[in-house]
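>>> Next come a sequence and a model predicted from it.
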There are 2 protein chains.
Amino acid sequence: MQSNKLPTIKEIAKKLNVSISTVSRALHDHPSIGLVTTMRVHKVAQELGYEVNKSAIYFKERKTYTIGVIIPSLAEPFFSSALCGVEDFAGQFNYNVIIGQSLDSFEREQRIVENMKDHRVDGILVSLTKETSTYEHFDNLKKYNIPIVFFDRVPQKKDIHFVSCNLHSGMLQAITRFVAMGHKKIGLINGPAKMAATLQRLEIYFKCLKENNLPINYDIIASTTLSKEDNVKAIKKLIDQEEIPTAVMVFNDYVLLDCIATVKAAGLEVNKDISFISFANLPIWEYMDTRPLASIEQFSYRQASIATDFLFKLIETNNKGENTDSNYLQQIIDSEMVNY
Amino acid sequence: MQSNKLPTIKEIAKKLNVSISTVSRALHDHPSIGLVTTMRVHKVAQELGYEVNKSAIYFKERKTYTIGVIIPSLAEPFFSSALCGVEDFAGQFNYNVIIGQSLDSFEREQRIVENMKDHRVDGILVSLTKETSTYEHFDNLKKYNIPIVFFDRVPQKKDIHFVSCNLHSGMLQAITRFVAMGHKKIGLINGPAKMAATLQRLEIYFKCLKENNLPINYDIIASTTLSKEDNVKAIKKLIDQEEIPTAVMVFNDYVLLDCIATVKAAGLEVNKDISFISFANLPIWEYMDTRPLASIEQFSYRQASIATDFLFKLIETNNKGENTDSNYLQQIIDSEMVNY
DNA sequence: GTAGTCTACACAAACGTTTGCGTAAATAAA
DNA sequence: TTTATTTACGCAAACGTTTGTGTAGACTAC
């Protein structure tokens, strides 16, 4: 027969015949309250099992001590690892994390942003949808003083806070390694044209070829929508030639899994007839019989941690009313090739 | 030069020289407010860009429209998939999801529960820590009328709401299949003794052997703490015998990955000299050259969805003040063997 | 003309806390 | 003794909203 009502400072006050403010101050051990009173308040609070109602305070402070994280999909290790980074970091500051999966749908992304705004989160971290190319849905957040930090999949604009990963360092390591092994025909299997990451990879691929004095050859460049059939089609384009590329950069490890299966089925030997390096650094490779030479780690956990750090800095300064509009927090971290 | 202050109904009221209550009712199109007034209120609200402050309402309603999910680790696909299940389901009800990773630490689990209580979540979903064997830290939630539903890793008691997965169906399918293939020595690599899942697997293993008229042989039963070295040690115990088991049930797919590597290194051929079936149904198998015969799917997404459904039912009835203490929501779903 | 019924709105309490300000009593300084 | 200072506490506003109750004026009915 538990009472449905939770004890409040009001009841403590009534029980002790003191004012509410006295109880509040006593509970915080405020010096202006006498020692005896303070002790009596603590005692009664203990007896009643009183615990402060934080939502009242959050409401009053206009804070929720909650940040939102919007990611395309929890199912992808890259993003669940990022979420880990956020959670670990936020936890240290006693912040809560609420999540939203955009599932790579622009419309869902909009809805989630709206919803998080309604819940008055103190800040938002976003890794964009593949579809996202306009950013108006984030503008409303400014009105509510909700800072936003993008990570990994970031908008193509300058006036934002973001953390992203520079693919150049990793890909240069990869192509340099290929070259050092004697490879001259280094292909590329890229992602969907609409994705920013795709354009980025292509540019960097060209740049790295140039840095190694290799010519660009469009016959050994393919792209995939990331579906299994398309992955297979892409690698087939590369190996259905008289002189196949002996090394291939692959969009990510998932695509590579299909590539490996396909080249094997075609009677080619991986790491002999054809070598691969891809992006993602899935933990699973160490258990696979057939592995790429290396994979390029993009440090999702670290990206997310830094982004969260940025976000807290913004929340902090926002509260102080400082205007940080003009100096944006931005960091690009280097990717790194991990050998297998 | 944006104003830092958000528009409230109070300002709308002042601007129109009507009372606050009139504005509130007008915004909800309450019939007792005249059409003209209602329209004027809507118009001004629009102009000011007014949006209702939900945290004020949440505070007043003593609701947050947020549920908490406590899982051991986001990094495990099993749990991130479960989180998906929660998120998808909760999203439909416009509920938010806040997460907490216990990292299999009992102390962290306690802290997270406490924290979620402070945030006045409307309900909590929990999959227990490996370490958790007492449940007092959940008792406090009753006082706050926060319902709790356990899933997958559930407490060993009757008076709880839970969803879990019955391993018997899947293991029976597995062992029956082994037997049908002619296997007579079917081993088991089990998990840490302290885990409930371990005891459960052992009991069911015995039961399934019995159902297939096979004798229990402790020489072909090993256990592992789930560390890599221990996994290797466990499978070595089984294959370092003159007459090795020709089939082995393995605690989960991660352990199995180590087992496969070990038996290969020992010169045995998987699916010929020794066959495996394990638990988890990792999506990765289809890309592996060497696969188990099958894996037993435990439906984390479905478990989590059902648990979330239960939780909403409890939140619902709790609000109505109904006493549901005596009829617990419990469901055990059947595991299923998935062939490769 | 009086009583009764609507219509359309205002008032105020409530949710639980924090905090600036005011003040009586006690003490210290003059 | 008078004035100033300190100690210890109470009052009330504020955060933004919802909602029960009260009520002035207009209208209807007899």
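Cool, got the structure.

>>> When you work out contacts or count neighbours from here on, use the C-alpha atoms and nothing else.
Fine.

>>> For the residue in chain A positioned nearest to chain B, which residues count as its bridge partners?
Nearest to chain B in chain A, going by C-alpha to the nearest C-alpha, is residue A:98, at a distance of 4.2 Å. In this entry, residue A:98 is beta-bridged to residue A:68, residue B:98, by DSSP bridges.

>>> dump the residue contacts of it.
Each residue near residue A:98 by C-alpha atoms under 8 Å, 6 or more residues apart in numbering or on different chains is listed here: A:66, A:67, A:68, A:69, B:96, B:97, B:98, B:99.

>>> can you check residue A:141 too?
Going by C-alpha under 8 Å, 6+ apart, residue A:141 touches A:117, A:147.

>>> Of all the residues in stretch A:30-38, which ones are buried?
In terms of neighbour count (16 or more other C-alpha atoms under 10 Å in any protein chain shown), stretch A:30-38 has its buried residues at A:33, A:38.

>>> same check, this time on stretch A:83-101
Those would be A:83-90, A:95-101, for stretch A:83-101 by 16+ other C-alpha under 10 Å.

>>> and of those, the nearest to DNA strand C?
Nearest to DNA strand C among the buried residues of stretch A:83-101 is residue A:95, at 17.5 Å by C-alpha to the nearest atom of the strand.

>>> Mind pulling the model confidence for the closest one?
Model confidence at residue A:95, given as pLDDT, is 93.

>>> Hmm, it is touching residue A:86, no?
No. Between residue A:95 and residue A:86 there is no contact under C-alpha atoms under 8 Å: 10.1 Å.

>>> What's the local residue count around residue A:306?
A count of neighbours around residue A:306, defined by other C-alpha atoms under 10 Å in any protein chain shown, yields 23.

>>> Repeat that for residue A:204.
Residues near residue A:204, counting by other C-alpha under 10 Å: 18.

>>> does it really touch residue A:166, like I thought?
No. The pair residue A:204 and residue A:166 does not pass the contact test of C-alpha under 8 Å, sitting 9.6 Å apart.

>>> residue boundaries of the helices in the stretch 1-150 of chain A?
Here the stretch 1-150 of chain A has its helices, by DSSP state H, counting those that start in this stretch, at A:9-16, A:20-27, A:35-48, A:54-61, A:77-92, A:106-118, A:140-143.

>>> which secondary structure elements does the longest one contact?
By that I understand helix A:77-92. Secondary-structure packing of helix A:77-92 (3 or more C-alpha pairs under 8 Å, 6 or more residues apart in numbering or on different chains; DSSP states H and E): strand A:96-101, helix A:300-319.

>>> Go again with 6 Å.
Counting contacts by 3 or more C-alpha pairs under 6 Å, 6 or more residues apart in numbering or on different chains; DSSP states H and E, helix A:77-92 packs against helix A:300-319.

>>> Show me what counts as buried in the helix it packs on.
Buried residues in helix A:300-319, defined by neighbour count with 16+ other C-alpha under 10 Å: A:300-312, A:314-315, A:318.

>>> same question, stretch A:261-276
Within stretch A:261-276, the residues that count as buried by 16+ other C-alpha under 10 Å are A:261, A:262, A:263, A:270, A:274, A:275, A:276.

>>> just stretch A:168-180 next, same as before
Residues of stretch A:168-180 classed as buried under the neighbour-count rule (16+ other C-alpha under 10 Å) are A:168, A:169, A:170, A:171, A:172, A:173, A:174, A:175, A:176, A:177, A:178, A:179.

>>> What parts of chain A come near DNA strand D?
Within chain A, the positions lying close to DNA strand D (C-alpha under 7 Å from any atom of the strand) are A:17-23, A:31-38, A:56, A:59-60.

>>> mind redoing it with 6 Å?
When proximity is defined as C-alpha under 6 Å from any atom of the strand, chain A approaches DNA strand D at A:17, A:18, A:19, A:21, A:22, A:32, A:33, A:34, A:37, A:59, A:60.

>>> Which pair in those has the greatest spatial separation?
For the residues of chain A next to DNA strand D, the maximum inter-member distance is 29.4 Å, found between A:34 and A:59 (C-alpha to C-alpha).

>>> Contacts only, for residue A:113.
By C-alpha atoms under 6 Å, 6 or more residues apart in numbering or on different chains, the contact list for residue A:113 is empty.

>>> In chain A, where is pLDDT below threshold?
Residues of chain A that meet the criterion pLDDT under 70 lie in A:1-4, A:281, A:319-326.

>>> care to break it down by domain?
Split into domains by automatic domain parsing, chain A comes to A:9-52, A:63-165+A:300-335, A:166-297.

>>> would JSON lines of those domains with distance to residue B:334 be doable?
JSON lines is the format used below for those (distance: least, C-alpha to C-alpha, whole Å):
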{"stretch": "domain A:9-52", "distance to residue B:334": "42"}
{"stretch": "domain A:63-165+A:300-335", "distance to residue B:334": "23"}
{"stretch": "domain A:166-297", "distance to residue B:334": "28"}
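
>>> Which one of those lies nearest to residue B:116?
Residue B:116 lies closest to domain A:63-165+A:300-335 among the domains of chain A, at 8.6 Å (C-alpha to C-alpha).

>>> Let me know whether that closest one sits next to DNA strand C.
No. If you take C-alpha under 6 Å from any atom of the strand as the test, domain A:63-165+A:300-335 misses DNA strand C, and the best it gets is 12.2 Å.

>>> gap between that domain and the chain center?
Centroid separation for domain A:63-165+A:300-335 versus its chain: 8 Å, with C-alpha atoms, centre = their mean, to the nearest Å.

>>> Span of it from start to end?
This stretch, domain A:63-165+A:300-335, spans 36 Å end to end (C-alpha to C-alpha, to the nearest Å).

>>> hang on, the earlier thing: kindly compare burial across the helices of the stretch 1-150 of chain A and name the winner.
Here the criterion is mean neighbour count by mean count of other C-alpha atoms under 10 Å in any protein chain shown, and of these the winner is helix A:77-92, at a mean of 21.

>>> Give me the contact list for that helix.
Around helix A:77-92, the neighbours that count as contacts under C-alpha under 6 Å, 6+ apart are A:74, A:300, A:301, A:304, A:305, A:308.

>>> now, which of these sits nearest residue B:9?
Of all these, residue A:308 has the smallest distance to residue B:9: 33.7 Å, by C-alpha to C-alpha.
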